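**Student:** After the sequence you'll find the predicted model.
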Amino acid sequence: MFKSKKLFTFMFLLILSVFALAACGGSDEESGGDSSSSSSEGESTLETIKANDKIVWGVKNDTKLFGLKNPSTGEIEGFDVDIAKAVTEIILGDASKVEFKEVTSKTRIPMLNNGEIDAIVATMTITEERKQEVDFSDVYFEAGQSLLVEKGSDIQSIDDITADTKVIAVKGSTSAINIREKAPDAQVLEFENYAEAFTALKAGQGDTLTTDNAILYGMASEDSNFELVGDIFTDEPYGIAMKKGSDDFVQAVNDALAELKENGKYDEIYNKWINF
């Protein structure tokens, strides 16, 4: 009886040891798998793009000079669009291997992070806050915030904005944040996109519209009754945004931008659209 009891105990402990070893082995294998997945997650971005043989770009459809839908052709045209095509040509060997999807200041990061687009080239300012959500390329366009007013307006600079001034801005833009810092007493009215914002200004719903000077020049070129006033009051460097951890894709885009600046293609695109 005693021997049987010892034998039973021995067998029980042996079985426990087997299960323990199996569990440890499984844990190591699982851990190793996770580690491999984590390290390859950023590296797979460019490979995925090359496998799909196209880059899906998020661009503005309402921003003259940078991204605007041509009503005659239905095509999106502008500086950002041409930069996207040029970068695509370097990365994939063919400028036509692009797909453009419309984004706004509010939708662009969510669309990037849910996989609808591969990159954002849409007058997007590089900020420390946004760096927590996305990875940015090197600066591809230097811009600064300014004011657009109807000609003859009493507002001639940021110093003329008071508590009675209605300032129009776009939802989700750094411009809306900046104007509240630079003119804290102003009444800020936010609209969904630049087309709605400019329409509101022309309708007299506000006294001035604020955003990057590059965008405002586009608006002024549409209607000669409006002009930019004062100096720029912020530094707004534009970057191409990609999903967090896309190190290989970021490097490829930076290399492409450097090549465009070196071979003169960047200046060609710049002079084509930013002729002010």
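**Tutor:** It's in.
**Student:** ranges for the helices of the stretch 151-276 of the chain?
**Tutor:** Ranges of helices in the stretch 151-276 of the chain, per DSSP state H, counting those that start in this stretch, are 174-182, 194-202, 213-222, 247-263, 265-273.
**Student:** So for the last one, what gets flagged as buried?
**Tutor:** Buried residues in helix 265-273, counted by 16 or more other C-beta atoms under 10 Å: 265-266, 269-270, 273. C-betas here are computed from N, CA, C, even on glycine.
**Student:** same deal with the third one?
**Tutor:** When burial is assessed from 16+ other C-beta under 10 Å, helix 213-222 yields the following buried residues: 213-220.
**Student:** Could you export those residues as JSON lines, including pLDDT?
**Tutor:** Shown next, in JSON lines, are these (pLDDT from 0 to 100):
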{"residue": "213", "pLDDT": "90"}
{"residue": "214", "pLDDT": "85"}
{"residue": "215", "pLDDT": "87"}
{"residue": "216", "pLDDT": "93"}
{"residue": "217", "pLDDT": "87"}
{"residue": "218", "pLDDT": "88"}
{"residue": "219", "pLDDT": "91"}
{"residue": "220", "pLDDT": "91"}
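**Student:** Mind putting the buried residues of helix 265-273 into CSV with distance to residue 54 and pLDDT?
**Tutor:** Below are the buried residues of helix 265-273 laid out as CSV (distance: C-beta to C-beta, whole Å; pLDDT from 0 to 100):
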residue, distance to residue 54, pLDDT
265, 20, 98
266, 22, 98
269, 20, 97
270, 25, 94
273, 24, 91
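**Student:** Pick the one among these closest to residue 191.
**Tutor:** Comparing the buried residues of helix 265-273 against residue 191 with C-beta to C-beta picks out residue 273 as the nearest, at 23.8 Å.
**Student:** Where does pLDDT dip in the protein?
**Tutor:** Scanning the chain for pLDDT under 70 picks out the ranges 1-43, 275-276.
**Student:** can you list the domains in it?
**Tutor:** For the chain, automatic domain parsing gives the domain ranges 49-143+236-273, 145-229.
**Student:** Quick check: end-to-end length of the first one?
**Tutor:** Pointing back at domain 49-143+236-273 there. Start-to-end span of domain 49-143+236-273 (C-alpha to C-alpha, to the nearest Å) is 28 Å.
**Student:** swap in the last one?
**Tutor:** Domain 145-229 stretches 11 Å from its first residue to its last (C-alpha to C-alpha).
**Student:** Stretch 64-76 now?
**Tutor:** Per C-alpha to C-alpha, stretch 64-76 runs 10 Å from first to last residue.
**Student:** Show me which parts of it are buried, residue by residue.
**Tutor:** Here stretch 64-76 shows 64-69, 76 as buried, counting by 16+ other C-beta under 10 Å.
**Student:** Also stretch 227-238?
**Tutor:** Buried residues in stretch 227-238, counted by 16+ other C-beta under 10 Å: 227-230, 232-234, 236-238.
**Student:** Same list (the residues you listed) but as TSV, adding distance to residue 124.
**Tutor:** Below are the buried residues of stretch 227-238 laid out as TSV (distance: C-beta to C-beta, whole Å):
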residue	distance to residue 124
227	25
228	21
229	25
230	24
232	17
233	19
234	14
236	10
237	10
238	6
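**Student:** Among those, which pair sits farthest apart?
**Tutor:** 227 and 237 (24.5 Å).
**Student:** Run a quick neighbour tally on the nearest residue to residue 213 once chain neighbours are set aside.
**Tutor:** With C-beta to C-beta, 6 or more residues apart in numbering as the criterion, residue 213 has its nearest non-adjacent residue at 4.1 Å, and that residue is residue 146. Residues within reach of residue 146, counting by other C-beta atoms under 10 Å, total 26.
**Student:** Nice, that's everything, thank you.
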